[in-house]
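*Asks:* what follows is a predicted protein model with its sequence.
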Amino acid sequence: MFKELFNLALLQHTIRTATPLILAALGGLLTQQAGILNIGMEGMILLGAFFGVVGSYFFGSSLAGVVLAASIGALVGLLFAFFVIDLKSDEFVIGIAINILAGGLTVFLLRSIFGVKGAFSSPKIISLPRLNFSFLDNITILDTIFNNHTVFIYISWILVILAYIYLYKTPYGFWLRASGEYPKALETAGISPKKMKYISSIACGILCGFSGVHLSLGYLTLFTENMSANRGFIALAAIIFGKANPIGTFFAALLFGFFDALGTRLQVVGIPSQFTQMIPYLATVFALLIVTKRQLAKANKNREVKGIEN
Amino acid sequence: MKSILKKGNLEYLTSLFISILASLLIGALIMMANSRSPLVGYGALITGAFGSTYSLATTFAKTVPLVLTGLATAISFRSGISNIGGEGQLYLGAFAAAYVGITFTNIPGFLGIALAILAGALVGGIYAFFPALLKVKYQVDEVITTIMLNTVATLFTGYLVNYPFASSQGKMGGTEMITESFRLSRLVRLSTLNTSIFFMGFIAIVIYYLMEKTSFGYDSKMVGQNSLFGRYGGIKDKKQMVVAMVISGALCGLAGVFEVIGVHYRFLQHISPGYAFDGMLIALIVKNNPIGVILMSIFFGALKTGSISMENAIGIPSELVSVIQAIIILFIAGETGFKNIYKNWRLKKLHQGKVGEENV
């Protein structure tokens, strides 16, 4: 049975399930670095999945689906930023409102545009193209990892590297991080922290849109109610677990994708999947505990040192 | 009554009224965009929610979980600690009630009901205690921990209901029915309204009294305001937060209990369609005022109930009301910001006007 579970198919499954997490988490880590806790990712993914199907169905191309989903994502990101930054609303209130809005709106539109309840599928929905590097066909392991995936899997890997370079090797990334940690200092330097926060939020919306498209146009071409199925929260878990660093977050998302894939396969063999599914959530609580405990200890130590100096 | 009409409150009530009106207007525009009459639609919604004994009963049946989860949110938020884990606490409370209902079948009905209520409140409270403890002891952000624990609870009950406690009648994602004597009786034919509404009324009075008339309520307001300014008080404040959180969790647990012993008579894998999130929106809209929670819950319950009639009358999907509800909260959440923008705009205009006069 061990062989049945842990094989190359599991690896392939992991890569597939991790991708929407990676994409959304990349977006969320940008807002996280800019000092905004975004729990509206769940809704943003759901909207992306829905509008991906809408675009693909009506324009007969998956690219149209991607563009529409990304535009809607950008719009929601803008809305989120406007409320949180300009209107100074509570970020998690707006996040929850976006999640509820997305849940209601997608079901409402599903019924009023397509006239169906629950799920919509049609041969007219064009799926994302898949890539195949024929020179890898004969090397089984590389074939499994690199071949026959939809484009977003490769894009997500490239984006991880780009996000890392952007955040840690360019001034823009430095400003983005500063807008979260030292907004006052950034302002004195003549750069608007507000602008950086807006950029991060819009980018987050677009990336969540990609994440949604990968769900609805990736392997199955269909939209179902509540399709995001907590992925926004697992993405948040990956961000916290990976300390909002693109590389760390990538591996956290990959790990959580692995548990998800493992859970699905366990269920097929008749073993309850709930406990493997719980791992990302529980891991996050423990990770948070460890991180904040360490910070607290550090802060206390600093205080002691200062006390001696005085 | 006097205190309700204070200037600040009046200003807020105006904003609330405008927010609701604007959201309903957006709903009307959506109906018109689909070339349906909003007058007929909203007319059907109102009669569908209040027009007959059955519809009234259904509206009030829907308010029970909303009031409980709404008060749960209000009591925690006011103390400066955010319980976003209501959904998980609700699921655990519901399962605890079902467990009592299928296990202790020999005890008299009233004792069984009391035991189910106690078990649900206890389980919900304990589940909220952990994130509260992490918050006051290690400053772990409770927003994130409670969100994460939601899914842990729904997964855990999902496991229980599909494996050790699965109903013998096919795979339906539900437990066995609870003993008949533990079931709360229905009040109106065909509707799910049951005696849990009296329990809810009693609980609401207790919570109102606790929040508005006791030193606990006063202290919790103080703690809440302190933590708003980022100050963490002493041991007493921390205790206050933990207690508020536990009460909050217990209330969500109770919401689950009443869904089991009043409505479904068993635990179901998807027993709540997000009641705790709706309750949270309600509390946020009324700024954690307990009376406001009750009134807004009735409004939300009416929207949900009436939306079915609206759909039947003009063919607009009933989910439109969830969209309207989410827009209300967006307006309310942006209230202060909108006001500031408006004030700045007026100041600017006034200023420009003056400049213009000088030039003349």
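*Replies:* Good, I have the coordinates.
*Asks:* any idea which residue sits dead centre in chain B?
*Replies:* Compute the mean C-alpha point of chain B, and by C-alpha atoms, centre = their mean the closest residue is residue B:279, 1.2 Å away.
*Asks:* so it lies in a strand, does it not?
*Replies:* No: assessed with DSSP: H, G, I helix; E, B strand; the rest coil, residue B:279 is helix; it does not lie in a strand.
*Asks:* how about the nearest residue to it, chain neighbours excluded?
*Replies:* Excluding the flanking residues, the one nearest residue B:279 by C-beta to C-beta, 6 or more residues apart in numbering or on different chains is residue B:69, at 2.7 Å. For every residue, glycine as well, the C-beta is placed using N, CA and C.
*Asks:* ditto for residue B:15
*Replies:* residue B:335 (4.9 Å).
*Asks:* got a pLDDT number for that neighbour?
*Replies:* Residue B:335 is assigned a pLDDT of 84 by the prediction.
*Asks:* that one: neighbouring residues, count only.
*Replies:* Residues within reach of residue B:335, counting by other C-beta atoms under 10 Å in any protein chain shown, total 20.
*Asks:* list the contacts of it.
*Replies:* Residue B:335 makes contact with B:12, B:15, B:19, according to C-beta atoms under 8 Å, 6 or more residues apart in numbering or on different chains.
*Asks:* how much space between the second one and residue B:78?
*Replies:* Going back to what we said before, that points to residue B:15. 19 Å (C-beta to C-beta, to the nearest Å).
*Asks:* and these two? Which one has more around it.
*Replies:* More neighbours surround residue B:78 than the other of residue B:15 and residue B:78, with 22 against 17 (other C-beta under 10 Å).
*Asks:* surely that one is in contact with residue B:221?
*Replies:* Yes: with contacts counted by C-beta atoms under 8 Å, residue B:78 reaches residue B:221, the gap being 6.0 Å.
*Asks:* residue B:83 is in what secondary structure piece?
*Replies:* For residue B:83, there is no helix or strand it lies in under DSSP states H and E.
*Asks:* pull the number of nearby residues for the residue lying closest to it once chain neighbours are set aside.
*Replies:* In this structure, residue B:83 finds its nearest non-sequential neighbour in residue B:76, 3.9 Å apart by C-beta to C-beta, 6+ apart. Close neighbours of residue B:76, defined as other C-beta under 10 Å, add up to 33.
*Asks:* with residue A:10 instead?
*Replies:* Neighbours of residue A:10 (other C-beta under 10 Å): 17.
*Asks:* how about the residue nearest to the centre of chain B, what does it touch?
*Replies:* Residue B:279 is in contact with B:65-73, B:86, B:255, B:293, B:297, counting by C-beta under 8 Å, 6+ apart.
*Asks:* one more: residue A:125?
*Replies:* Residue A:125 neighbours (C-beta under 8 Å, 6+ apart): A:53, A:56-57, A:65, A:217, A:221-222.
*Asks:* now do the same for it: helix, strand or coil?
*Replies:* State at residue A:125, reduced to three classes by three-state DSSP: coil.
*Asks:* setting aside sequence neighbours, what's the nearest residue to it?
*Replies:* Per C-beta to C-beta, 6+ apart, closest to residue A:125 is residue A:221, 4.2 Å.
*Asks:* could you do residue A:243 as well?
*Replies:* Per C-beta to C-beta, 6+ apart, closest to residue A:243 is residue A:291, 7.3 Å.
*Asks:* residue B:275 now?
*Replies:* In space, residue B:275 comes closest to residue B:65 once its chain neighbours are excluded; the distance is 4.1 Å by C-beta to C-beta, 6+ apart.
*Asks:* can you give me the neighbour number for the one you found?
*Replies:* Look at residue B:65: counted by other C-beta under 10 Å, it has 30 neighbours.
*Asks:* what's the helix or strand for residue A:76?
*Replies:* Per DSSP H and E: helix A:62-81 holds residue A:76.
*Asks:* give me the neighbour count for residue B:71.
*Replies:* By other C-beta under 10 Å, neighbour count at residue B:71 equals 32.
*Asks:* distance check, it against residue B:279.
*Replies:* On the measure of C-beta to C-beta, residue B:71 and residue B:279 end up 8 Å apart.
*Asks:* common neighbours of these two, please.
*Replies:* With C-beta under 8 Å, 6+ apart as the test, residue B:71 and residue B:279 both reach residue B:293.
*Asks:* okay then, goodbye and thanks.
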